[in-house]
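Visitor: I would like to see how this sequence folds:
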Amino acid sequence: MSTDDLPAPEAGLVLTHFLTVSDVARSRAFYTDVFGGQVVLAENPCIVKISNGWIIMNPGGGPTPDKPETVLRPPESTDVVSSFLNVRVADIAAFYDHARSKGAEFLTEPIDRKAEIRCYLRDPDGYLIEVGQATGMLKGVYADPPAGG
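Guide: Numbers count the residues shown, from 1 in each chain. So this is what the prediction gives:
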């Protein structure tokens, strides 16, 4: 492992995404196989570098001195989501085919939403991941506003 691969900026900041997972090895394999990630640190915490970002994973646990009333655990339900990982790709058809060949299960095939083509999949713990390719937005065509908005 090179320390250059760690999410540790010399100046400014970098953005990472932390996931509480039920099985680190299973999640590590998912993010390396499906997204082509590079394992920077295998455990405690697991860090996988994907393109220009990092996914950090650890099992859940109880409060710690720096978060005294907070418990971490994987999602209990996939029906209600308050946040999700958003991945932008250059070629959604190629990514979709690659990910399916690695065992990824998508909610739908990629759908053209005017501003972008996008689809969703879930990781092994049920975290929702949006995968999108900018299309219309590059030409000033944007998505319709949400219904009732």
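Visitor: and the chain, what are its domains?
Guide: 1-70, 75-144 (automatic domain parsing).
Visitor: a markdown table for these, including mean pLDDT?
Guide: Output for those, formatted as a markdown table (pLDDT from 0 to 100):
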| stretch | mean pLDDT |
| --- | --- |
| domain 1-70 | 94 |
| domain 75-144 | 95 |
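Visitor: mean neighbour count added to those, as JSON lines?
Guide: For every residue, glycine as well, the C-beta is placed using N, CA and C. Below are the domains of the chain laid out as JSON lines (neighbours: other CB atoms under 10 Å):
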{"stretch": "domain 1-70", "mean neighbour count": "14"}
{"stretch": "domain 75-144", "mean neighbour count": "15"}
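Visitor: isn't R100 up against E109?
Guide: No. Counting by CB atoms under 8 Å, R100 does not reach E109; the two are 9.7 Å apart.
Visitor: how near is P75 to V34?
Guide: Using CB to CB, to the nearest Å, we find P75 at a distance of 18 Å from V34.
Visitor: so what's the residue nearest the centre of the chain bridging to?
Guide: Nearest to the mean C-alpha position of the chain, by CA atoms, centre = their mean, lies L85 at 3.9 Å. The residues listed as beta-bridge partners of L85 by DSSP bridges are I129.
Visitor: hang on, isn't it packed against H17?
Guide: Yes. The pair L85 / H17 is scored as a contact, 6.1 Å apart, by CB under 8 Å.
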